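Colleague: return atomic coordinates for the entry below.
(one chain, ligands or ions: 1)
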Amino acid sequence: MNSARAWIVWGAAVFAYVVAVLQRSSLGVSGVEAQHLFSVSASTLSTLAVTQIVVYAGLQIPVGVLLDRVGPKVLLVSGAVVLGLGQVVVSVSAPHIGVAITGRILVGAGDAMTFISVIRLLPSWFRGPILPQVSQWTGNLGQIGQILSAIPFALVLHSQGWAPAFAGAAAVSLLAVAVLAVLVKNAPAELSVPLVASSWRDAGRQLGESLRRPGTRLGFWSHYVTQSSGTVFSLLWGVPALVGGLGFTTGEASALLALLVVMGVIAGPILGLLTARFPLRRSNLVLGIVTMLGIMWTTVLAWPGIPPHGVVVALVVVLGVGGPGSLIGFDFARTFNPLRSLGVANGIVNVGGFLASFVMMYLIGVVLDAVHGASIAAGHPTSIFAWSNFRVAFLVQYVVVGLGVVGLLLDRRRTRRSMHLEEGIEVGPLWVALSRRLRRNRATR
Ligand SMILES: N[C@@H](Cc1c[nH]cn1)C(=O)NCC(=O)O
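Modeller: Numbering: from 1, shown residues only. Model prediction:
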């Protein structure tokens, strides 16, 4: 536990996750080329992105059940193979959009096998308060894949063309297969807890048990409310809103997406420390992040006219904290589930953010079209990506995330009730705990 070998296994697994994020985000930087090669509309292109995320989210629970039955290594290697195959298919797809969609479905499927397998490895190799930290480093370092697709991948795409760029990306997945096969092991030899379920029936039963635990659902809602806004922004609507609506250049928009990743790397270790130090206050951290997101979105959307660039940058900074915030969801899964059913519990949690993301991506598109249509009908035609249209479309987030906050509060109450009944632990409201601590500090002075 926490040994040099543990760090080697972790490094190899994180490398595979970085490569998965590179493949996932490679389409985002190829939009212009894709539109040209396949001669499709912007909405067909966005369907390509949404399909990939739907496949990813839809496979989380089946992959979680598989994880508890066969262990993370098989799934990590299979994920890297499927990701590589998907990118090979995309590389030879032009001019057939159907072939490109098939390739991206494979990318979504391979991607679905990667992150929760890496997270499932951690409690087998690390113990103690370092676990939330390692989980934060895993999630946030993985996002370097987005920078790899925005810079080296985009460079190859623009200099060598579509087929070499995607074939090159596929080759990187082949490298990941080799690294995983050689360096990753499911658990150290001394781990005495049985790592996998003894039968498929047991693995399926664990899914029901995990879903019934309010702590797993608390993890699901935590992931749902924190990660969705940033994912929608970085994977689809951020660049059109920044460039088409708010007057940023494409270079500035890319820099802002990179800032979002950097913020995650900065905020992640701080959230990891707070999670380990105040385990009974993890939901308060989540609610604090959602409140910050609400305040920043309201400031930007309520600003009369176009908000100043500084205010938009502040929004991006807060969006960047949402990613590491969502990793608190996996900490709930880990502490409220036994190790043998952690795969499926992580799968349930990971559906949260991606479910909310694709619902919002789709609804924002629908509202944009509707408001744009209304402006034409009223005789004041606007560009579809005008800020006045985004201002209305982004309101969708209050409804989707608001529902998540209600779910979170309900499952937090259930979780606290079962902690009280089963372990005698009582978690009072935050303000009561804070005023007690203040009084205690005064008394000891
Ligand atoms: N929320 C992400 C992880 C993260 C960390 N910082 C930014 N994002 C997550 O849950 N990811 C799952 C995945 O497959 O990437």
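
Colleague: just the pLDDT for residue 239.
Modeller: Reported pLDDT at residue 239 in the predicted model: 84.

Colleague: which residues touch the closest residue to it other than its chain neighbours?
Modeller: Nearest residue to residue 239, sequence neighbours excluded (CB to CB, 6 or more residues apart in numbering): residue 253, at 4.9 Å. Using the backbone N, CA and C atoms, a C-beta is placed for each residue, glycine as well. If you count contacts by CB atoms under 8 Å, 6 or more residues apart in numbering, residue 253 has them with 238, 239, 242, 243.

Colleague: if we go to 6 Å?
Modeller: Taking CB atoms under 6 Å, 6 or more residues apart in numbering, we find residue 253 in contact with 239, 242, 243.

Colleague: quick one: which of these has the most company?
Modeller: Counting neighbours by other CB atoms under 10 Å, residue 242 leads the contacts of residue 253 with 24 neighbours.

Colleague: separation between that one and residue 210?
Modeller: Separation of residue 242 from residue 210 (CB to CB, to the nearest Å) stands at 39 Å.

Colleague: quick check: residues of the protein near the ligand?
Modeller: 115, 139-140, 142-143, 227, 264, 323-324, 326-327, 350, 353 (CB under 6 Å from any ligand atom).

Colleague: ramachandran coordinates for residue 127?
Modeller: Backbone geometry at residue 127, expressed as degrees, to the nearest 10, gives phi -130, psi 150.

Colleague: how about the strands in the stretch 201-350 of the chain?
Modeller: When assigned using DSSP state E, counting those that start in this stretch, the stretch 201-350 of the chain turns out to have no strands.

Colleague: where does this protein get nearest to the ligand, residue-wise?
Modeller: Nearest residue of the chain to the ligand: residue 323, at 2.2 Å (CB to the nearest ligand atom).

Colleague: what about residue 92, how many neighbours?
Modeller: When counting by other CB under 10 Å, one arrives at 14 neighbours for residue 92.

Colleague: number of nearby residues for residue 251?
Modeller: Neighbours around residue 251, by other CB under 10 Å: 9.

Colleague: ugh, wrong one, residue 376
Modeller: 11.

Colleague: elements contacting the helix or strand encompassing it?
Modeller: For residue 376, the host element (DSSP states H and E) is helix 342-377. Secondary-structure packing of helix 342-377 (3 or more CB pairs under 6 Å, 6 or more residues apart in numbering; DSSP states H and E): helix 42-70, helix 115-125, helix 200-212, helix 214-232, helix 328-336, helix 387-393, helix 396-423.

Colleague: from memory residue 103 sits against residue 86, does it?
Modeller: Yes. Using CB atoms under 6 Å, residue 103 is in contact with residue 86, at 4.9 Å.

Colleague: if we can go back for a sec, which residues touch the residue of the chain closest to the ligand?
Modeller: Contacts of residue 323 by CB under 6 Å, 6+ apart are 227, 230, 264.

Colleague: can you check residue 284 too?
Modeller: Contact analysis of residue 284 by CB under 6 Å, 6+ apart lists residue 430.

Colleague: in what helix or strand does residue 173 lie?
Modeller: For residue 173, the enclosing helix or strand under DSSP H and E is helix 162-183.

Colleague: list the contacts of that helix.
Modeller: Applying CB under 6 Å, 6+ apart, the contact partners of helix 162-183 are 8, 12, 15-16, 19, 23, 26, 33, 76-77, 80-81, 83-84, 87-88, 90-91, 94, 156-157.

Colleague: repeat for stretch 64-84
Modeller: 16, 20, 23, 106-107, 109-110, 113-114, 117, 120-121, 170, 173-174, 176-177, 180-181, 184, 186, 195-197, 203, 206-207, 341, 343-344, 347.

Colleague: ok, now stretch 389-404?
Modeller: Stretch 389-404 has contacts (CB under 6 Å, 6+ apart) with 221, 224-225, 229, 241, 245, 301, 356, 359-360, 363-364, 367-368, 371-372.

Colleague: for residue 189, phi and psi?
Modeller: Per-residue torsions, residue 189: phi -60, psi -30 (degrees, to the nearest 10).

Colleague: and it, what pLDDT?
Modeller: 83.

Colleague: what does residue 194 give?
Modeller: The model reports residue 194 with a pLDDT of 59.

Colleague: what do you get for residue 358?
Modeller: 87.

Colleague: surely it and residue 55 touch.
Modeller: No. Using CB under 6 Å, residue 358 makes no contact with residue 55, being 10.3 Å away.
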